[in-house]
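Student: the amino acid sequence is not available; the structure is as follows:
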């Protein structure tokens, strides 16, 4: 080794020149040998990241400002902000009397004021009168909306104005009726319209027509019961299209009246009176039979008002009640249901009756005789008189020979008899054409009164059984037909779509039906195609539940229930492998309800499921409904 190399070695020893030297490690180079020229180091990367962050913030602020500017512009043009901040800039009020006499003309004054700094344009007022009122036809009245609509000129800033609406108010004494004004406008330079709504209540303090009921008091069960409805007017205006209404208590059977009722059933009657003019009066005489248990109160509710024959809505102007009390006759008899059926019966039902009797007199009574007379569509071959005897074609008699207790009824003695019969079935064509039919059972009791010549011991009672309607609902599936064109393979094939026509036929025999609703379910593999014939039928489909709903409304009765309504709608099905060699159901759980217009009872309606069998389609070969591969 040379001298120079020896010197370098000594210089790098810790004890060079007799001093201990500290050895420092060299710092890491900024760039590794392997780094390429131009690559950034950590410091440059940090500076670059901060610049990018600041740039993002600046861009976000600019975008946010632009978005706010855009939203503000849209809000101003659409009136969105004005709706929340400026809707109170228009003040609308209604002024009128706080109370009124029915039939009196009232004036509603609608005032409006533009409290904003800008004009308002396209100003309109929609005025809705109280229900039952008669508006002045000169106030822009529209019969379709039952309200008035007027257009006003532009309203400058700070300007106010008024307009008036007149009507005669009708309604029930003590009721509060409400008018409503809707003020519609558009602020200048804005595209949207706004509304301000105001209501004005008015109380009907008095109704200047009087009504009285000349009935009430005490009556023996089963005896004729008559009453008069008398009315008079001391108003200064006509009460047009008026009706009298009487709600019957249970046990009252209507027979006749001096005016033919517009509608009459077991619940009550409506009589059209036309116009009741100032200073005029009138009356209606009604005759019927009132039955019930002794000491049972019977309430007649009667009144005058408006009646809508289409919706059957009753709006009373004057309403009162009268109380009659059924008193116990010396001998009492009554027939009631043996079970819970008390609102009506159906064709084909078997009726079991329990007949109660009692001696209410203060001395024993001998040889009592009870008679039942039956009327209506009854199958008399099914009549079972119990301990009684069938007499004639429509009667049953019970006396001491069959019921020993009737030979001597001590004071307070009572007993029960039984009988049953069947209402003719709906398949009997003589009953299907009968509308609003009833079965009536008249019970009578008498006795030997040789020692009581001045006392009428006998009494009678009538049990009336309204017969329910017979609804008829048929569900069919068709492939052929002129109304809806279908497509797809017949017989249906796995994996291929076939469309069908579903037919619902609905009718009723006996009584009319109201508020008819029919529902059904489409299974997940059946699809609703949206084709309905007639197109105005109220039929809808809910895809989430698969429910089909038909609001059929009212159905009029017809002989055999064949002349009803039909609706057609299209569905489709794409069979799967597991449905091969089967006839899957396409419309299931077909059922509904209706209200019997005569008995006022809810009626259930149902039909069989619809399958791909096509048994009702005579345009396809037999067996065309079984799914093939």
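Tutor: Yep, it's here. Values in this document were obtained by computation on a predicted structure and should not be read as measured data. Numbers count the residues shown, from 1 in each chain.
Student: can we go C-alpha only for contacts and neighbour counts from here?
Tutor: OK.
Student: residues in contact with the residue nearest to residue 524 when sequence neighbours are not counted?
Tutor: Nearest residue to residue 524, sequence neighbours excluded (C-alpha to C-alpha, 6 or more residues apart in numbering): residue 546, at 7.3 Å. Counting by C-alpha atoms under 8 Å, 6 or more residues apart in numbering, residue 546 touches 521-524.
Student: looking at these, state which has the most neighbours.
Tutor: Neighbour counts for those (other C-alpha atoms under 10 Å) peak at residue 522, which has 23 neighbours.
Student: tell me the centre residue of this protein?
Tutor: The centre of the chain sits closest to residue 515, judged by C-alpha atoms, centre = their mean, with a distance of 7.7 Å.
Student: what's that residue sitting at in phi/psi?
Tutor: phi 50, psi 50 (degrees, to the nearest 10).
Student: which residues touch the closest residue to it other than its chain neighbours?
Tutor: Spatially, and ignoring its direct neighbours in sequence, residue 515 is nearest to residue 553 (4.7 Å; C-alpha to C-alpha, 6+ apart). Residue 553 is in contact with 514-517, counting by C-alpha under 8 Å, 6+ apart.
Student: pick the one among those closest to residue 129.
Tutor: Here the nearest of these to residue 129, counting by C-alpha to C-alpha, is residue 515; it sits at 28.4 Å.
Student: my guess is that closest one meets residue 552, correct?
Tutor: Yes: counting by C-alpha atoms under 8 Å, residue 552 is a contact partner of residue 515 at 7.2 Å.
Student: residue 258 is in contact with residue 285, isn't it?
Tutor: Yes: with contacts counted by C-alpha under 8 Å, residue 258 reaches residue 285, the gap being 5.2 Å.
Student: surely the residue nearest to residue 515 forms part of a strand?
Tutor: Yes: counting by DSSP: H, G, I helix; E, B strand; the rest coil, residue 553 is located in a strand.
Student: off-centre distance for the longest strand along the chain?
Tutor: The longest strand of the chain (DSSP state E) is strand 313-327. Remark: strand 313-327 is offset 26 Å from the chain centroid, using C-alpha atoms, centre = their mean, to the nearest Å.
Student: swap in stretch 578-590?
Tutor: 33 Å.
Student: tell me the mean pLDDT for it?
Tutor: Across stretch 578-590, pLDDT averages out at 95.
Student: which residues does it contact?
Tutor: Taking C-alpha under 8 Å, 6+ apart as the rule, stretch 578-590 contacts 493-494, 518-523, 526, 573, 606-613, 625-629.
Student: and stretch 367-385, by the same measure?
Tutor: 333, 393-400, 406-409, 418-424, 431, 437-448.
Student: if you set the cut-off to 7 Å instead, what comes out?
Tutor: Residues outside stretch 367-385 that contact it (C-alpha atoms under 7 Å, 6 or more residues apart in numbering): 394-400, 406-408, 419-424, 431, 438-448.
Student: just checking: what are the partner strands of the host helix or strand of residue 355?
Tutor: Assigned by DSSP states H and E, residue 355 falls within strand 350-359. According to DSSP bridges, strand 350-359 forms sheet pairs with strand 331-337 (antiparallel), strand 414-423 (antiparallel).
Student: what's the least confident stretch among the ones you listed?
Tutor: Among the strands paired with strand 350-359, strand 331-337 scores lowest, at a mean of 87.
Student: and it, which residues are buried?
Tutor: 331-336 (16 or more other C-alpha atoms under 10 Å).
Student: of those residues, closest to residue 345?
Tutor: Among the buried residues of strand 331-337, residue 336 lies closest to residue 345 (C-alpha to C-alpha), at 13.2 Å.
Student: sketch out the strands for the stretch 51-200 of the chain, chain order is fine.
Tutor: 90-95, 99-101, 105-114, 120-128, 134-135, 141-142, 147-152, 160-168, 176-187, 194-206 (DSSP state E, counting those that start in this stretch).
Student: quick one: low-confidence parts of this protein?
Tutor: For the chain, the stretches with pLDDT under 70 are 1-56, 59-62, 64-88, 139, 143-144, 339-344, 428-433, 449-454, 559-563.
Student: thinking again about what came up before, so what secondary structure elements neighbour the longest strand of the chain?
Tutor: Under the contact definition 3 or more C-alpha pairs under 7 Å, 6 or more residues apart in numbering; DSSP states H and E, strand 313-327 sits against strand 217-220, strand 297-308.
Student: what comes into contact with that strand?
Tutor: 171-173, 213, 216-221, 292-308.
Student: can we see that at 8 Å?
Tutor: Outside strand 313-327, the residues within contact range by C-alpha under 8 Å, 6+ apart are 170-173, 207, 209-211, 213, 215-221, 291-308.
Student: which of these count as buried?
Tutor: Buried members of those, counted by 16+ other C-alpha under 10 Å: 170-173, 207, 209, 211, 213, 216, 218-221, 291-294, 297-307.
Student: any idea how far apart the tips of stretch 551-569 sit?
Tutor: From its first residue to its last, stretch 551-569 covers 14 Å (C-alpha to C-alpha, to the nearest Å).
Student: export the contacts of residue 546 as CSV, with columns for distance to residue 483.
Tutor: Listed next are the contacts of residue 546 as CSV, based on distance: C-alpha to C-alpha, whole Å:
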residue, distance to residue 483
521, 23
522, 21
523, 24
524, 26
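Student: between those residues, which is nearest residue 136?
Tutor: Nearest to residue 136 among these, with distances taken as C-alpha to C-alpha, is residue 521, at 50.5 Å.
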